[in-house]
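Visitor: Predicted model, plus sequence, below.
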Amino acid sequence: MASNKGSTQCQFKFRTSNYIRLITFVVFWAFTRYYRIRKSLPREVRKIEGPYLLLSNHVGYWDPFIIGHFLPRFTHFVSSDAAFRTPIAGFFLPRLGVIPKKKNIRDTQVIRDIIHVLEHGEGVGIFPEAVRNWAGNTLPIDSSIGKLVKLLQVPVIVSVSRGMHQFNPRWSKTVRKTHVKIDYELLFTEGQLQSLKISEINHQIKSALYHDEVEWQKNQKHAIRSRRRAEHINHVLFICPACHAIGSFSATGNKCNCRKCKYSIFIDNYSFFHTISDHRHYFDNIRDWYDWQEEWMLRHIQYLYDLGFQDAIFEDTDMAIYHGTEDSPLKFIENGTMRLFTDRIEITYKVSKKSEILNLDQLLTINPQVHEKMEIMYADKIYRAIGNAPGVSGLKWEIAVNALWRKMGQDYKLSPYIKIDQTNNQGRMSETSRDAH
């Protein structure tokens with residue numbers, strides 16, 4: 001990392017608003033005390049001076065605010081540029097010096113921006129998983145993070161959030177009172193980085209960041225004080241293990257049930273699942289259900305592609321469709337039905353009866369956002385689709401489209417956190433394989 005002497009001669013692009021920073025500090029001082037969020041901040045982290053890189057696992061919406069609040073120095077976090085397209089976040093994030101990054105696209109500008117911030121003596125925070133995880137266990141980390149760390153040559157701090165998936169899971173619209181702890185560690189000094197190979201750096205980062213919330217909860221057994229433990233879990237659990245219906249779940253309170261076969265579960269105070277119908281018991285936790293579901297969905301979609309399936313694979317009705325570009329705000333078009341085929345997404349508008357076709361080979365990215373929101377980049381256009389029914393899953397679209405991109409040979413578009421390489425492209429999961437789960 002080059003010296004920051006003389007770098008102040010150029011204007012700092014990510015200057016923060018002292019007023020907004022003060023508001024943020026006061027809000028999260030109260031927030032972390034009200035929810036009794038604890039930290040473990042060793043002396044070597046508290047005493048760090050000069051620029052640094054913070055790496056953290058990513059679970060909840062409030063991660064950067066909570067993690068950054070406990071650090072003694074202000075940190076500029078890297079965030080998806082999609083977050084900047086909402087009115088409230090679009091106001092606050094630039095004033096908090098947040099660095100935008102295009103999602104699922106190699107973005108060289110973000111590397112230049114990170115270097116720019118470090119050269120001005122500031123800290124930068126990155127979530128190497130790139131997205132908030134769905135089931136509480138750390139997602140695969142892109143191997144390019146080791147190259148970036150080696151390039152930057154600044155001290156590296158690691159933070160791991162434990163209990164955050166119980167407190168603020170990605171699929172929930174609310175936070176729930178439970179035990180949360182943030183553990184910080186100085187993983188590398190600048191001197192240590194000079195002698196380490198990139199492969200060694202990657203290995204240590206992956207080891208330091210890994211956290212399995214299900215195993216942690218089995219051992220710790222921290223109660224979740226909420227009467228809405230299942231609400232919106234159908235954002236992430238969208239395949240019924242009993243009848244294999246796609247998108248058939250409704251969730252209220254602490255219960256979730258399949259509208260097609262009536263398979264039903266209850267989520268207890270510790271987030272574990274119990275079957276309350278006369279069906280067999282498939283999974284007792286979200287991690288195992290999600291892993292099975294992802295594998296089943298990938299194989300099922302690839303099987304339909306090989307079969308030459310012509311009908312819609314699945315659909316979501318009454319979706320609010322917005323449209324814009326990177327340089328213009330998104331504008332509401334009208335509500336419509338979105339259908340996935342093996343080669344395209346079709347949008348049929350409810351009032352005008354017009355249709356749009358988005359060919360998958362020209363689709364650049366498809367990303368589930370918060371709640372029932374999904375964002376698609378298509379050529380130079382951006383589409384946002386928002387479900388009007390609670391629990392509409394954008395995740396099922398992302399997994400299905402990734403499976404189709406793999407069959408089309410467009411591997412460069414694949415989401416790094418979807419375990420597509422572990423699936424067998426020779427057909428759908430057999431009944432025997434399914435029953436083994």
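Guide: Arrived safely, thanks for sending.

Visitor: now the helices for the chain?
Guide: 18-34, 43-46, 63-70, 87-95, 108-119, 144-152, 164-167, 190-195, 198-209, 213-220, 286-307, 395-408, 431-435 (DSSP state H).

Visitor: Save the ones you listed as CSV, and put in mean neighbour count, distance to residue 138 and mean pLDDT too.
Guide: Every residue, glycine included, has its C-beta placed from N, CA and C. Output for the helices of the chain, formatted as CSV (neighbours: other Cβ atoms under 10 Å; distance: least, Cβ to Cβ, whole Å; pLDDT from 0 to 100):
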stretch, mean neighbour count, distance to residue 138, mean pLDDT
helix 18-34, 13, 22, 95
helix 43-46, 14, 20, 95
helix 63-70, 21, 13, 95
helix 87-95, 14, 25, 85
helix 108-119, 17, 21, 92
helix 144-152, 18, 13, 94
helix 164-167, 28, 11, 96
helix 190-195, 13, 22, 91
helix 198-209, 17, 6, 96
helix 213-220, 17, 9, 96
helix 286-307, 20, 11, 96
helix 395-408, 22, 17, 96
helix 431-435, 11, 26, 34
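
Visitor: mind pulling up the phi and psi values for the closest residue to residue 76 other than its chain neighbours?
Guide: Distances taken as Cβ to Cβ, 6 or more residues apart in numbering put residue 97 closest to residue 76, at 4.4 Å, once the chain neighbours are dropped. Torsion angles at residue 97 (phi, psi; degrees, to the nearest 10) stand at phi 70, psi 30.

Visitor: pLDDT score for residue 97?
Guide: Listed pLDDT for residue 97 reads 91.

Visitor: What of residue 364?
Guide: pLDDT, residue 364: 93.

Visitor: Is it correct that it is in contact with residue 379?
Guide: Yes - between residue 364 and residue 379 there is a contact at 7.4 Å, judged by Cβ atoms under 8 Å.

Visitor: ok now do residue 245, which residues does it touch?
Guide: With contact taken as Cβ atoms under 8 Å, 6 or more residues apart in numbering, residue 245 is in contact with 239, 258-261.

Visitor: Need those in CSV (columns: pLDDT, neighbour count and distance to residue 293).
Guide: CSV is the format used below for the contacts of residue 245 (pLDDT from 0 to 100; neighbours: other Cβ atoms under 10 Å; distance: Cβ to Cβ, whole Å):
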residue, pLDDT, neighbour count, distance to residue 293
239, 97, 23, 4
258, 95, 22, 13
259, 93, 12, 17
260, 94, 15, 16
261, 94, 15, 16
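
Visitor: Which pair of those residues spans the longest distance?
Guide: Greatest spacing in the contacts of residue 245, by Cβ to Cβ: 239 and 259 (13.3 Å).

Visitor: Now do the residue nearest to residue 76 against residue 249, distance only.
Guide: When distance is defined by Cβ to Cβ, to the nearest Å, residue 97 is 40 Å away from residue 249.

Visitor: quick one, which of the two is more surrounded?
Guide: Neighbours of residue 97 and residue 249, each counted by other Cβ atoms under 10 Å, are more numerous for residue 249; the result is 24 against 21.

Visitor: burial count for residue 326?
Guide: Residue 326 has 11 nearby residues by other Cβ under 10 Å.

Visitor: Surely it is in contact with residue 375?
Guide: No - between residue 326 and residue 375 there is no contact under Cβ under 8 Å: 11.7 Å.

Visitor: Surely residue 345 touches residue 361?
Guide: No - counting by Cβ under 8 Å, residue 361 is not a contact partner of residue 345; they are 11.7 Å apart.

Visitor: So which of these two has more stuff around it?
Guide: A count of neighbours by other Cβ under 10 Å puts residue 345 above the other of residue 345 and residue 361, at 24 against 12.

Visitor: contacting residues for the spatially closest residue to the more buried one that is not a sequence neighbour?
Guide: Once flanking residues are discounted, residue 345 sits nearest to residue 358: 4.4 Å by Cβ to Cβ, 6+ apart. By Cβ under 8 Å, 6+ apart, the contact list for residue 358 reads 344-347, 376, 378, 383.

Visitor: Now render the residues you listed as CSV, adding distance to residue 221.
Guide: Formatted as CSV, these follow (distance: Cβ to Cβ, whole Å):
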residue, distance to residue 221
344, 48
345, 43
346, 47
347, 46
376, 41
378, 46
383, 43
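
Visitor: ok, so of those residues, who is nearest residue 332?
Guide: residue 383 (11.6 Å).
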